[in-house]
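>>> Structural data only, the sequence is not supplied:
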């Protein structure tokens, strides 16, 4: 397979249907009178989680006895998204580590259930691999919404080592990804602390000054507290021109919507940069057209 390249000589390349049972769910999120109440593992449960746990807040739904038998989550299952708005969101996967009676797989998802020669944890890792994601993206089809058909999923070719090697690979990945996840979490914690420190430094400098020994006076503003004695406290209108943003209307200001004018349109996102600077906006009024008609 061109997309896969070389694999270890003792490995095999197998079609997914030969190592797993692959079947899409048809359980809708709507509740139907006369059917059995169940908990529904839906699209977002899979999309936003690597592992499906029993303590998740599943959606209530109903299912027929046949659906419950076929689509109840079992230990070792991998559940994937089978359609979405973009190919990048196809075959996003989540692993089921334990049997979950009463929880069934919902619509827009496919279940990948390993056969005896396959380790479910390894199957999950296959769908995490960039190689598999690329192969799936190529096989997905559609225009406004793309999907992965049953034939394409059944015949997805994947590298397949022995059961012992599958277990060794998944154990290695569990250890290494846990270390990486811990480092990411620590970096995110440090980033949050640095942002707090940055904010504190700015706030102290502009409200208390740089000289900690300077004489101080009561500002008269509760949230501000004391300020240096030689400072003044004034309304911002005496220091700056303050204006509200507005959405110009084409009927009132046609020049702004001229394709040649290319007037920049500054959005909330452009002034919300974490470094406190105005982002360079790519949005232009001419792109918005006549939809702008209400003043903000």
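Everything's here; your move. Given the structure is predicted, the values throughout are model-derived calculations rather than measurements.

>>> Let me see the backbone angles for residue 34.
Backbone torsions of residue 34, given as degrees, to the nearest 10, read phi 90, psi -20.

>>> Kindly report the same for the one 3 residues further on.
Listed backbone geometry of residue 37 is phi -60, psi 140, with angles given as degrees, to the nearest 10.

>>> partners of it in the sheet?
residue 62 (DSSP bridges).

>>> Domain map for this structure?
12-161, 209-239, 243-296 (automatic domain parsing).

>>> how about the second one: buried residues?
For domain 209-239, the neighbour count (16 or more other Cβ atoms under 10 Å) marks 216, 219, 227 as buried. C-beta coordinates here come from the backbone N, C-alpha and C atoms, glycine included.

>>> And it, end to end?
With Cα to Cα, to the nearest Å as the measure, domain 209-239 spans 18 Å from end to end.

>>> Repeat that for the first one.
Across its full length, domain 12-161 reaches 6 Å between end residues, using Cα to Cα.

>>> Give me the distance between the two termini of stretch 206-226.
So stretch 206-226: terminal residues 12 Å apart, Cα to Cα.

>>> Mind checking the pLDDT average for it?
Mean pLDDT, stretch 206-226: 89.

>>> Number the chain from 12, please
In the new numbering, first residue 12, that becomes stretch 217-237.

>>> How far does that stretch sit from its chain's centre?
Centroid separation between stretch 217-237 and its chain, computed with Cα atoms, centre = their mean, to the nearest Å, is 44 Å.

>>> contacts for that stretch?
Contacts with stretch 217-237, where a contact means Cβ atoms under 8 Å, 6 or more residues apart in numbering, come from 238, 239, 240, 241, 242, 244.

>>> Of the domains of the chain, give the one that comes closest to residue 209.
domain 254-307 (8.9 Å; Cβ to Cβ).

>>> I'd like the average pLDDT over that closest one.
63.

>>> re earlier: got TSV for the domains of the chain, with distance to residue 207 too?
TSV is the format used below for those (distance: least, Cβ to Cβ, whole Å):
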stretch	distance to residue 207
domain 23-172	27
domain 220-250	18
domain 254-307	12
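
>>> Figure out which of the ones you listed is closest to residue 184.
domain 23-172 (5.7 Å).

>>> Tabulate the contacts of stretch 217-237 (a markdown table), appending distance to residue 107 and secondary structure.
Output for those, formatted as a markdown table (distance: Cβ to Cβ, whole Å; DSSP: H, G, I helix; E, B strand; the rest coil):
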| residue | distance to residue 107 | secondary structure |
| --- | --- | --- |
| 238 | 60 | strand |
| 239 | 63 | strand |
| 240 | 67 | coil |
| 241 | 68 | coil |
| 242 | 63 | coil |
| 244 | 62 | coil |
